[in-house]
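**Student:** Compute the structure for the input listed below.
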Amino acid sequence: MVNAKPIAQSTFLYSLRYNTSLRLGTGFSLFEYCIIRSMQWQKVRGFISESADTSSSYAYEYPYDGHSLLRQCGNLKDVKNVHVQVIKTNIGLQPNMFPFLLNKLVIMYSKFGDLVDAREVFDRMPERNVITWTAMIAGYAQCGHPEEALQLFSDMQLVGIRPNSFTLCTILKICTESLCVELGNQMQAHAIKHGYTEDVFVGSAVVDMYARCGLLEDAYKAFEKVQHEHDSVSWNTMIAGFAQHKYCEQAFELFCEMQREGIEGDQFTFATVIRACPGLKHGNQVHSQIIKNGFEADYYIRGSLVGSYAKFGEVDSARKVLGDILECNLVMCNAMIAGYSQNGQVEDAIKLFGQMNRISMKMDHFTFGSVLSASADLAVVEYGKQIHAKIIKTRFELDDCVSNALVDMYAKCGTIDDACQQFNRMHVRDRISWTALITGYAQNGRNEEALKQFCQMLQTNTKANQFTFASILSACANLASLEKGKQITAHVVKTGFETDVFVGGALIDMHAKCGSMEEAHKVFCKMPEHNVVSWTAMIVGYAQHGNARYALQFFDQMQKAGMKPNHITFVGVLFACSHVGLVDEGYRYFDCMSRDYGITPRVEHYACMVDILGRAGQLEEAMDLINEMPFQHCVLVWRILLAASRVHGDIKLGKHAAEHILELEPHDGPTYVLLSNAYAAAGKWNDAAQMRRMMNDRAVKKEPACSWIEVKDQVHVFVVGDRSNPQTKEIYSKLQELTGQLKEAGYVAETNSVKDVDYKNEEQPLCYYSEIWE
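**Tutor:** Predicted coordinates:
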């Protein structure tokens, strides 16, 4: 008499493992055939013996325990080999072991990403319990197939299988990762219906789901319903929820409440709360608790401590926690490199990266992303290229995060062509990639290419974010292209970024540089909130357009609003003072930078002060200020002094300034021209001619200045005496008309610096030409 059930089970396993063409119907036909022809079963067993892979270490172990062997599997090949041995040795033919073994097969196949075999086992199982369904649902969820997992959960309910706590936790995790609150609400209803409201794991999953979705009030309500008096899981989840959404004080207060309740924190608790500390004082308190509880050696916690101290600018304390690099892990080193970069110690970041490389520490995309950011801030492309070589060697070049960091690094180092090459090598380009390239083009003065790349990005259906719009608006501002700026503004409004504070600042800057201060003011007034960028953009805009009164009024309003100015704000304020001769006010603003706001004056602030004094004719005071500068003199301040010397006829000081400029930049064409004009204005024609000859002898050329105007979406560029435009006749006719109006208004061409008789007797060329640098 043939025992049908064991044969059915064996045939079932056999059809799964050896013949992919055997589907459910074919499998049971084979079973029926084996009942009729019991001798055929022996042939089937013989085929199994011949086909089994006996090279595995599991092949001859005895006694054969399929469940135990599956637990020991370290890869998919091991799972399949054990599966073969299970079939070969009849393990699982005992009725009480059969469901457990198949469930374990589903779990193990899913664990190693083989969902096809997992689903094959699942579909062919004669009976399925809640563990079976949960295992398959979890497999889909773990392998990134949430839709299939949800469909299976629905099918499970249709066949009357009641979900357990693990099933609900798995579905809630899907809701959390997809930020699907509506489905999460349904899962919470299931938990209530099936009596899992006080289950710590289900409750914590509900808390986590609401917290990750930003619904912290709902998360806290769910947290209060969990029986958490003797468990840290739900506490950790709620603390992490507050920390994730930057509610640092609430996270720290909940940690304190947890301690008052007598709940002992674990490694996860301390690692989370140390990152959420609202201040250095709180961080020190948590650090003492970590030492008290004996967690100071935990790598995860030490990494969090490094990041926390770095966040508050305590780089030395972070380095002490890091200790000897030989006793650190990758997470700690990554946190330290990021900390160095965030605090401007980019050379230390690169140095630590070198130490990691020397001890052959394995690196990941966070390591390369952080050190590339440091290299970009340092703007030394040689360092970046060395890091790039390491990236290629470790095969991280195609990682999205690393690729984006490479594009950004090359762009910030000024090698925009290398950035473009890296961008073109990328297989996947997201908006971070596009934004990095567009920003690089804009920052390197290649604004037309920035606009071109923006158009190409839109053609790929990649959505721009606030940083993309800020960069492309900057390109429009640099081109003074109001029409292009208006087109970008339409995209901004369409995508809903017009109220974003960063985009608003860029819009203000664009309108201001295009000469439309009225539109800039409208944008400023429409913004729901203002930051230092938007205030500064208005101040600099009014200053550049000679409206110093409005610029200084905005600065006063900014102070009354409690907004702290930055160094760029003071550049705008001092620039405004220079254009209206406010010497005393300029000194007052210059002094209050360091006194009231702790801002150390930079070279651009000294340049503005030299300009203020130079325009006011106080050249000796300007020279004294240059000598008092706490850093090495630069071309900018000497050039400003040279221009002022020329205007006020101080040839001696002008020559002194020119000598310093040519010492720093021997081929600076404008310096020769300015000094030549100064000599000419003073009647020293021989000296002026000598400067011109010196330019020729040294092959120095001054690139002629140009003007441009945008008409009907086309930019027209003009240089001195330019007759290349198709409408040259009409243009010069209009210039003659304007020249006549200027004469009627009392304009007289300045000819003191021109010796050439033809030019001196002809006013028309002088109307179109100027060598004066303002």
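**Student:** where does the stretch 201-350 of the chain have low pLDDT?
**Tutor:** 227-231 (pLDDT under 70).
**Student:** As a check, name the ranges of all helices in it.
**Tutor:** Taking DSSP state H, counting those that start in this stretch to define them, one finds helices in the stretch 201-350 of the chain at 216-225, 233-244, 248-260, 267-276, 280-292, 299-311, 315-322, 330-342, 346-358.
**Student:** how about CSV for those, with distance to Asp114 and mean neighbour count added?
**Tutor:** All C-beta atoms are positioned from the backbone trio N, CA, C, and that covers glycine. CSV is the format used below for the helices of the stretch 201-350 of the chain (distance: least, C-beta to C-beta, whole Å; neighbours: other C-beta atoms under 10 Å):
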stretch, distance to Asp114, mean neighbour count
helix 216-225, 36, 18
helix 233-244, 31, 24
helix 248-260, 40, 17
helix 267-276, 31, 23
helix 280-292, 42, 16
helix 299-311, 31, 23
helix 315-322, 41, 18
helix 330-342, 29, 23
helix 346-358, 35, 18
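**Student:** Centroid-nearest residue for this structure?
**Tutor:** Closest residue to the average C-alpha location of the chain: Ile432 at 7.0 Å, with C-alpha atoms, centre = their mean.
**Student:** Give the buried residues for the top helix by length along the chain.
**Tutor:** Counting by DSSP state H, the longest helix found in the chain is helix 728-744. Using 16 or more other C-beta atoms under 10 Å as the test for burial, helix 728-744 gives Thr739.
**Student:** chain center to it, what's the gap?
**Tutor:** Here the centre of helix 728-744 is set off from its chain's centre by 52 Å, with C-alpha atoms, centre = their mean, to the nearest Å.
**Student:** which helices and strands sit right next to that helix?
**Tutor:** Packing partners of helix 728-744 (3 or more C-beta pairs under 8 Å, 6 or more residues apart in numbering; DSSP states H and E): helix 763-768.
**Student:** Rounded mean pLDDT for the helix it packs on, please.
**Tutor:** The average of the pLDDT scores along helix 763-768 is 51.
**Student:** Then stretch 488-496?
**Tutor:** Average pLDDT, stretch 488-496: 90.
**Student:** again with stretch 610-619
**Tutor:** pLDDT averaged over stretch 610-619 gives 92.
**Student:** Output the longest helix of the chain as PDB, nothing but the C-alphas.
**Tutor:** Taking Å, rounded to 0.1, in the frame of the first residue of the first chain, the C-alpha atoms of helix 728-744 are listed here in PDB:
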ATOM      1  CA  THR A 728      25.000  99.700 -37.000                       C
ATOM      2  CA  LYS A 729      23.700 102.700 -39.000                       C
ATOM      3  CA  GLU A 730      20.600 103.100 -36.800                       C
ATOM      4  CA  ILE A 731      22.600 102.600 -33.600                       C
ATOM      5  CA  TYR A 732      25.100 105.400 -34.400                       C
ATOM      6  CA  SER A 733      22.300 107.700 -35.600                       C
ATOM      7  CA  LYS A 734      20.700 107.300 -32.200                       C
ATOM      8  CA  LEU A 735      24.000 107.900 -30.500                       C
ATOM      9  CA  GLN A 736      24.500 111.200 -32.400                       C
ATOM     10  CA  GLU A 737      21.000 112.200 -31.300                       C
ATOM     11  CA  LEU A 738      21.800 111.400 -27.700                       C
ATOM     12  CA  THR A 739      25.200 113.300 -28.000                       C
ATOM     13  CA  GLY A 740      23.300 116.400 -29.100                       C
ATOM     14  CA  GLN A 741      21.000 116.100 -26.100                       C
ATOM     15  CA  LEU A 742      24.000 115.700 -23.800                       C
ATOM     16  CA  LYS A 743      25.500 118.900 -25.200                       C
ATOM     17  CA  GLU A 744      22.300 120.800 -24.600                       C
END
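**Student:** which element follows the strand or helix carrying Val503 toward the C-terminus?
**Tutor:** Following DSSP states H and E, one finds Val503 within helix 501-513. Helices and strands here follow DSSP H and E; after helix 501-513, the next one along the chain is helix 517-526.
**Student:** elements contacting that next one?
**Tutor:** helix 501-513, helix 532-544.
**Student:** What number of neighbouring residues does the closest residue in space to Lys513 that isn't next to it in sequence come out with?
**Tutor:** Closest residue in space to Lys513, ignoring its immediate chain neighbours: Ala477 at 4.1 Å, by C-beta to C-beta, 6 or more residues apart in numbering. The tally of other residues near Ala477 (other C-beta atoms under 10 Å) stands at 24.
**Student:** tell me the contacts of Ala477?
**Tutor:** 485, 506, 509-510, 512-514 (C-beta atoms under 8 Å, 6 or more residues apart in numbering).
**Student:** measure it to Lys729 for me?
**Tutor:** 33 Å (C-beta to C-beta, to the nearest Å).
**Student:** just Phe252 next, same as before
**Tutor:** From Phe252 to Lys729 the distance is 75 Å (C-beta to C-beta).
**Student:** Repeat that for Arg615.
**Tutor:** Arg615 is 39 Å from Lys729, by C-beta to C-beta.
**Student:** Also Val346?
**Tutor:** For Val346, the distance to Lys729 - C-beta to C-beta - is 57 Å.
**Student:** now the helices: where do they sit in the stretch 651-774 of the chain?
**Tutor:** Going by DSSP H, counting those that start in this stretch, the stretch 651-774 of the chain shows helices at 651-664, 669-681, 685-697, 728-744, 757-761, 763-768.
**Student:** so which of these gets nearest Arg549?
**Tutor:** helix 728-744 (26.7 Å; C-beta to C-beta).
**Student:** Give me the neighbour count for Glu620.
**Tutor:** 11.
**Student:** Can you tell me what sits against whichever strand or helix holds Ala490?
**Tutor:** Ala490 belongs to helix 482-495 when elements are defined using DSSP H and E. Helix 482-495 is contacted by residues 451, 454, 458, 463-464, 469, 472-473, 476-477, 498, 503, 507, 510-511, 514-516, 710, 713 when judged by C-beta under 8 Å, 6+ apart.
**Student:** Selecting buried members of these in ChimeraX, what would you type?
**Tutor:** Selection of the buried residues among these in ChimeraX, burial being defined by 16+ other C-beta under 10 Å:
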select :451,454,464,469,472,473,476,477,498,503,507,510,511,514,516,710
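**Student:** Count residues in the vicinity of Ala682, would you?
**Tutor:** Counted by other C-beta under 10 Å, the residues lying close to Ala682 total 17.
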